[in-house]
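Student: with the sequence up front, the predicted model follows.
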Amino acid sequence: MATKKGSKKTEKKVEEAVVEEKVEEVPVEEPAPAPKAEKKTEKKSTKAEMPDIVGYSKTVPEFVEEVHQALLGRSATEKEVEVMCGLVTRVGLPLSEIVRQVKMSGEYQATLPLIES
């Protein structure tokens, strides 16, 4: 029985030795919310506009038609108009690049006279 009493005493000593520390709660500062971005209210038109040529009142499909007519002597196909308009409106390709692409095509190159040296 002596061991039981001794174990009770050591338990009390251990309990007394354990000191509970009070932890102060530190308020957590949350970062300020980011300012809300203003939404632009732009009208999305069905016609592609010409942003890079001031004073040009025609649409991109009309420009593509004119380039094909002037350089190739024919109207552009629906697929050609769709591809070129997509490059201008989605990618931001300048209109001068459309002219360059048509001039680099094999169809246009075949119309050029051969230069003999």
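Tutor: Now that the structure is in, tell me what you want to look at. Numbering: from 1, shown residues only.
Student: next structured bit after the worst-scoring helix or strand of the chain on mean pLDDT?
Tutor: Ranked by mean pLDDT, DSSP states H and E, the helix or strand of the chain with the weakest confidence is helix 2-17, at a mean of 56. The helix or strand immediately downstream of helix 2-17 is helix 60-72, counting by DSSP states H and E.
Student: taking the mean pLDDT, what do you get for that next one?
Tutor: Regarding helix 60-72, the rounded mean pLDDT is 94.
Student: tell me the helices and strands packed up against it.
Tutor: If you count contacts as 3 or more C-beta pairs under 8 Å, 6 or more residues apart in numbering; DSSP states H and E, helix 60-72 packs onto helix 78-86, helix 95-104, helix 106-111. For glycine as for every other residue, the C-beta is placed from the backbone atoms N, C-alpha and C.
Student: again, only this time at 6 Å
Tutor: helix 78-86, helix 95-104 (3 or more C-beta pairs under 6 Å, 6 or more residues apart in numbering; DSSP states H and E).
Student: mean neighbour count and distance to residue 71 added to those, as JSON lines?
Tutor: Below are those laid out as JSON lines (neighbours: other C-beta atoms under 10 Å; distance: least, C-beta to C-beta, whole Å):
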{"stretch": "helix 78-86", "mean neighbour count": "15", "distance to residue 71": "12"}
{"stretch": "helix 95-104", "mean neighbour count": "15", "distance to residue 71": "5"}
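Student: do you know which of the ones you listed lies nearest residue 58?
Tutor: For these, distance to residue 58 was read as C-beta to C-beta. The smallest value, 10.4 Å, belongs to helix 95-104.
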